[in-house]
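Undergrad: Need a 3D model of the sequence below.
(2 chains)
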Amino acid sequence: MRDALHEIVEEFAETPKDLRLPLLLEFANGLPPLPERLIDDRDAMEPVEECTAPLFLAVDVTPGEPVRLYFDAPQEAPTSRGFAAVLHAGLDGGTPEEILATPNDFYLSMGLDDLVTPLRMRGMSGMLARVKRRVAEGITAG
Amino acid sequence: MPVEFDTDPKIQSYAHPERLVTTQWLEDHLGTPGLVVAESDEDVLLYDTGHIPGAVKIDWHTDLNDPLTRDYVDAEAFAALMSAKGITPDTTIVFYGDQNNWWAAYALWVTSLFGHADVRLLDGGRKKWIDEGRATTTDVPAPANADYPVTARDDSVIRAYREQVLAHIGNGPLVDVRSPGEFSGELLHMADYPQEGALRGGHIPTAKNVPWRRAANENDGTFLPVDQLTAIYQDEIGLTPQDDVVAYCRIGERSSHTWFVLTHLLGFDNVRNYDGSWVEWGNAVRVPIEKP
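TA: Purely as a prediction, here's the structure:
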């Protein structure tokens, strides 16, 4: 697992249970805004159907450059924003190989499963699966 | 002694006006002794982003469901939860939440299983309060621990089990409140949600489909006027207030909302929520399923 993501997983796991949701909210509040070209071109983003709230993502893969990730979710969906922010902070700027090597169930070690329903947790795996697929397609296309 | 009821004309037009309050009533009554406001949301982080001043959070998943068995918390855990939120049996609880009070209605229904007397919903829920620009805060209240007695849960009046539903087919009306796609068996979950949870699609034989959201105005999430609710549930699918009605959805949350509408807004005497719902029925061996 990429170091940046591993550190986030550990940070959650080491945080007392009653402070894990506030930590996820901090991530949600820190989700970077979309670049203008994506705000103007929502069709360029992919909806994540596994999320219980509207969430869109986009992935930039350019050979020899770090992979860039973009997420968008409404303020009324802080949990989806939080999950997106974890993936962004953990994987944005990584190499395609690092991102593809992320375990699909990496989030199980964060200690959120008692706090967030399994259905919602699935949103996280849905996002990761789509990011990976886009990265894999990007490599092939490049 | 209950906090005074809302005398708003729309609220008074319902069968049990003591079960619903307007946002204006709630704003006027915030801080009244004996009133506790409780937020129950689909999104577990939403309360923490800002809530009605003084409101406590009740989470349907971690607070109301047993962590091990698929069931609600037992009487001891419920009493501990109520005590921690500063609630006594005399407290007036006003529930509100996101998504047209979807989970707030569920919390109200579970609270009713324990016989809590004065439970009300905020008409329009969280969205209407915020859209009207009313105050919110991120301050989490720390209520003094109250002494809520351990009160047995009564599952016999407003809750239905699989065996009872099986016996109900052909003997009383069933209302399936899921989306048309779930009712027809085309989807195993709401549109845009992960397709999981049931091995078979379709609906319980004889069930009529009225998606739960139809009971609310699309623009502000408030309940439809009583004549429009009557048109849907009585004229359109032929229910009468004396009927023995069972409502279900996927896990019993959306049908709590319909249970509230039929019981408290239309005054039906005998409505039960089958909380096992499609996740149980669609996985059960040898129960009958209808698919158009």
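Undergrad: Check for me that residue B:112 belongs to a helix.
TA: Yes. Judged by DSSP: H, G, I helix; E, B strand; the rest coil, residue B:112 forms part of a helix.
Undergrad: Quick check: it vs chain A, distance?
TA: Going from residue B:112 to chain A by CB to the nearest CB, to the nearest Å gives 22 Å. Every residue, glycine included, has its C-beta placed from N, CA and C.
Undergrad: what's near enough to touch that residue?
TA: For residue B:112, the contacting residues are B:119, B:158, by CB atoms under 8 Å, 6 or more residues apart in numbering or on different chains.
Undergrad: Pick out the residue of chain A closest to chain B.
TA: Proximity of chain A to chain B (CB to the nearest CB) peaks at residue A:78, 3.8 Å away.
Undergrad: who's in contact with that residue?
TA: Residues near residue A:78 by CB under 8 Å, 6+ apart: A:24, A:25, A:28, B:43, B:45, B:46, B:48, B:49.
Undergrad: I'd like these as JSON lines, with neighbour count appended.
TA: Listed next are those as JSON lines, based on neighbours: other CB atoms under 10 Å in any protein chain shown:
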{"residue": "A:24", "neighbour count": "26"}
{"residue": "A:25", "neighbour count": "21"}
{"residue": "A:28", "neighbour count": "23"}
{"residue": "B:43", "neighbour count": "23"}
{"residue": "B:45", "neighbour count": "21"}
{"residue": "B:46", "neighbour count": "23"}
{"residue": "B:48", "neighbour count": "18"}
{"residue": "B:49", "neighbour count": "17"}
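Undergrad: From these, which land in strands?
TA: Among the contacts of residue A:78, DSSP state E puts none in strands.
Undergrad: rewinding a little: what does the residue of chain A closest to chain B show for phi and psi?
TA: phi -60, psi -30 (degrees, to the nearest 10).
Undergrad: Leaving aside the residues adjacent along the chain, what's closest to it?
TA: residue B:45 (3.8 Å; CB to CB, 6 or more residues apart in numbering or on different chains).
Undergrad: thinking the one you found is in contact with residue A:27, fair?
TA: No. Assessed by CB atoms under 8 Å, residue B:45 is found out of contact with residue A:27, at 9.9 Å.
Undergrad: Find residues that contact each of these two.
TA: In contact with both residue B:45 and residue A:27: residue A:82, using CB under 8 Å, 6+ apart.
Undergrad: Show the backbone phi and psi for the closest residue to chain A within chain B.
TA: Distance from chain A to each residue of chain B (CB to the nearest CB) is smallest for residue B:45, at 3.8 Å. When read as degrees, to the nearest 10, the backbone of residue B:45 gives phi -100, psi -10.
Undergrad: Return the per-residue confidence for it.
TA: For residue B:45, the pLDDT comes out at 92.
Undergrad: ok, which stretches of the chain are helices?
TA: With no chain named, the answer covers chain A. Secondary structure of chain A (DSSP state H): helices at A:3-14, A:17-29, A:36-39, A:78-91, A:96-100, A:118-141.
Undergrad: think we crossed wires, I meant chain B
TA: Secondary structure of chain B (DSSP H): helices at B:9-12, B:23-29, B:75-84, B:98-113, B:125-131, B:162-168, B:180-184, B:226-230, B:254-260, B:277-281.
Undergrad: Grab the nearest non-local neighbour of the residue most central in space within chain A.
TA: Central residue of chain A (CA atoms, centre = their mean): residue A:87, 2.8 Å from the mean position. Computed as CB to CB, 6+ apart, the closest residue to residue A:87 that is not its neighbour in sequence is residue A:127, at 5.7 Å.
Undergrad: thought the one you found was touching residue A:81?
TA: No. With contact defined as CB under 8 Å, residue A:127 does not count as touching residue A:81 (11.3 Å).
Undergrad: Around chain B, pick out the residues from chain A.
TA: Chain A comes close to chain B at residues A:21-22, A:24-25, A:28, A:49-50, A:52-53, A:75-80, A:82, A:114-117, A:119-120, A:122-123, A:126, as judged by CB under 8 Å from any CB of the partner chain.
Undergrad: Produce a ChimeraX select command limited to the buried residues of the residues you listed.
TA: Restricted to buried positions by 16 or more other CB atoms under 10 Å in any protein chain shown, the ChimeraX selection for those reads:
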select /A:21,24,25,28,49,50,52,53,76,77,78,79,80,82,115,116,117,119,120,122,123,126
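Undergrad: Lowest mean pLDDT among the helices and strands of the chain, which one is it?
TA: I'll assume chain A. Scoring the helices and strands of chain A by mean pLDDT, DSSP states H and E places strand A:46-47 at the bottom, with a mean of 82.
Undergrad: Chain B is the one I meant
TA: One helix or strand of chain B scores below all others by mean pLDDT, DSSP H and E: helix B:180-184, with a mean of 91.
Undergrad: quick check: mean pLDDT across stretch B:122-130?
TA: Average pLDDT, stretch B:122-130: 97.
Undergrad: isn't residue A:24 right up against residue B:48?
TA: No. Using CB under 8 Å, residue A:24 is not in contact with residue B:48; the gap is 9.1 Å.
Undergrad: Surely residue B:51 is in contact with residue B:39?
TA: Yes. Counting by CB under 8 Å, residue B:51 does reach residue B:39; the two are 5.1 Å apart.
Undergrad: Show me whatever sits in contact with both of the two.
TA: Jointly contacting residue B:51 and residue B:39 under the rule CB under 8 Å, 6+ apart are B:57, B:126.
Undergrad: For the most centrally placed residue in chain B, give its distance to residue B:254.
TA: Centroid check for chain B by CA atoms, centre = their mean gives residue B:105 as the closest residue, at 2.2 Å. The gap separating residue B:105 from residue B:254 is 9 Å, by CB to CB, to the nearest Å.
Undergrad: for residue B:212, same thing?
TA: Distance, residue B:212 to residue B:254, using CB to CB: 4 Å.
Undergrad: Give the residues shared as contacts by these two.
TA: Taking CB under 8 Å, 6+ apart as the contact rule, residue B:212 and residue B:254 both touch B:102, B:177, B:178.
Undergrad: give me phi/psi at the last one?
TA: In this case it means residue B:178. For residue B:178, the backbone dihedrals (degrees, to the nearest 10) come out as phi -80, psi 180.
Undergrad: for the second one, same thing?
TA: Main-chain torsions, residue B:177, degrees, to the nearest 10: phi -100, psi 10.
Undergrad: Quick one: neighbours of the nearest residue to it once chain neighbours are set aside, just the number.
TA: Counting by CB to CB, 6+ apart, residue B:177 lies nearest to residue B:212, which is 4.1 Å off, once chain neighbours are set aside. Residues near residue B:212, counting by other CB atoms under 10 Å in any protein chain shown, number 25.
Undergrad: If anything else comes up later, I'll come back, but that's it for now.
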